[in-house]
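Asker: Give me a 3D structure for the following:
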Amino acid sequence: MTRAGNRLELVVPPEAAGTRFDRWLAEALGDDSRARIQRLIETGRALVDGRRRPKSFKLMGGEQVEAVLVEAERVPAPAAAQPRIAWEDDHLLVVDKPAGLVVHPAPGHRRVTLVELLAESAGGEWEPLVVHRLDKNTSGLMLVAKRPAIQSHLREAIKRREVLREYVVLLEGRLEARQGTIDAPIGRDIRRRTRMSTRTDKPRSARTHFTVERFVDGSTLARARLETGRTHQIRAHFAAAGHAVCGDTDYGGASILGLERQFLHSARLAFTHPETGAKLEQTSVLPADLEAALRKAEAA
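Answerer: This next block holds a predicted model:
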């Protein structure tokens, strides 16, 4: 993808062959508003090989797509959505991201993002380079590099399984095993393209290790450790296993315990510093909303 001002140029990858124009464009731009994407197409602000095409146009792969975006006025992040810097040096930082804060700017998303907040605090001295992402409504620890070489090194370390990423999760029902591994390839769901699923025509390997901490009123409080880092991996894996994350209505979970989001928190990061070689570990306690939900479950 290349960008000049509000004009974007994209190339349709071969694996998108057969996909509707509007669905592919929504995924490519990270915009979950179908109406907004369809307006781009219908008003001629999104073209395929320089020509207007209907929203239902089936792509073949290899096309050049040009989109002209209307930038919305940015809305400041609320005080509750300000990130906490858990650890920092001249090379990288570990950020404790609150729920509700989007990591990267995306078309149609008006609220200020994590990257923009970090860039503002950096004052131009360094550029925040995200090493791995968290979903908007997932809270907790994530790595951010200050230089491309550090970002590249840490991403390679993740690929080599040298970065420990552990989450606290509350699951519906009681897991049958106290510990185990979910080894199931996932990809875009064949019917609901905004979801990741084991029911996919483009599977990618995915492994999630888990350990049960305790059972709480018919639910399971567990620790989940990522071996791979696919989009929505923990949510999709446990949903496929019949134990959706509590509060995760997008993946079949019930809206219970006063939860307004999925009970999923990145609680622990451990890695080797790419410059100093030091072994680093950071932890994050459950935020207030998840702690309150857990207390409510324990009191039931």
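
Asker: Could you pull up the residues touching the closest residue to residue 95 other than its chain neighbours?
Answerer: Of all residues not flanking residue 95 in the chain, residue 83 sits nearest, at 4.9 Å (Cβ to Cβ, 6 or more residues apart in numbering). (Each C-beta comes from the backbone N, C-alpha and C, glycine too.) Contacts for residue 83 (Cβ atoms under 8 Å, 6 or more residues apart in numbering) come out as 95-98, 101, 114, 117-118.

Asker: From the residues you listed, which land in helices?
Answerer: Mapping the contacts of residue 83 onto helices (DSSP state H) picks out 114, 117-118.

Asker: Among those residues, which one lies nearest to residue 134?
Answerer: Proximity of the ones in helices among the contacts of residue 83 to residue 134 was ranked by Cβ to Cβ; the top entry is residue 114 with 8.8 Å.

Asker: wait, doesn't that closest one sit right on residue 97?
Answerer: Yes: proximity of residue 114 to residue 97 meets the contact threshold set by Cβ atoms under 8 Å, at 5.9 Å.

Asker: Spit out the residues that contact the two alike.
Answerer: 83, 103.

Asker: and the next element down the chain from the helix or strand bottoming out on mean pLDDT in the chain?
Answerer: One helix or strand of the chain scores below all others by mean pLDDT, DSSP states H and E: strand 2-4, with a mean of 57. Remark: after strand 2-4, the chain's next helix or strand is strand 7-11, criterion DSSP states H and E.

Asker: In the sheet, which strands lie alongside that next one, parallel or antiparallel?
Answerer: Counting by DSSP bridges, the strands paired with strand 7-11 are strand 2-4 (antiparallel), strand 64-68 (antiparallel).

Asker: what's the very next helix or strand once past that strand packed up against?
Answerer: Toward the C-terminus, strand 7-11 is succeeded by helix 21-29 as the next helix or strand (DSSP H and E). When contacts are defined as 3 or more Cβ pairs under 8 Å, 6 or more residues apart in numbering; DSSP states H and E, helix 21-29 packs onto helix 34-42, strand 46-48, strand 64-68.

Asker: same thing but 10 Å
Answerer: strand 7-11, helix 34-42, strand 46-48, strand 64-68 (3 or more Cβ pairs under 10 Å, 6 or more residues apart in numbering; DSSP states H and E).

Asker: Out of the ones you listed, flag the one nearest residue 298.
Answerer: helix 34-42 (40.2 Å).

Asker: Put the alpha carbons of the closest one into CSV.
Answerer: What follows is helix 34-42, C-alpha atoms only, in CSV (Å, rounded to 0.1, in the frame of the first residue of the first chain):
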residue,chain,number,x,y,z
ARG,A,34,-19.8,-1.5,5.2
ALA,A,35,-21.8,1.6,4.5
ARG,A,36,-18.8,3.8,4.5
ILE,A,37,-16.9,1.5,2.1
GLN,A,38,-19.9,1.3,-0.2
ARG,A,39,-20.1,5.1,-0.3
LEU,A,40,-16.5,5.2,-1.4
ILE,A,41,-17.3,2.8,-4.3
GLU,A,42,-20.6,4.3,-5.3
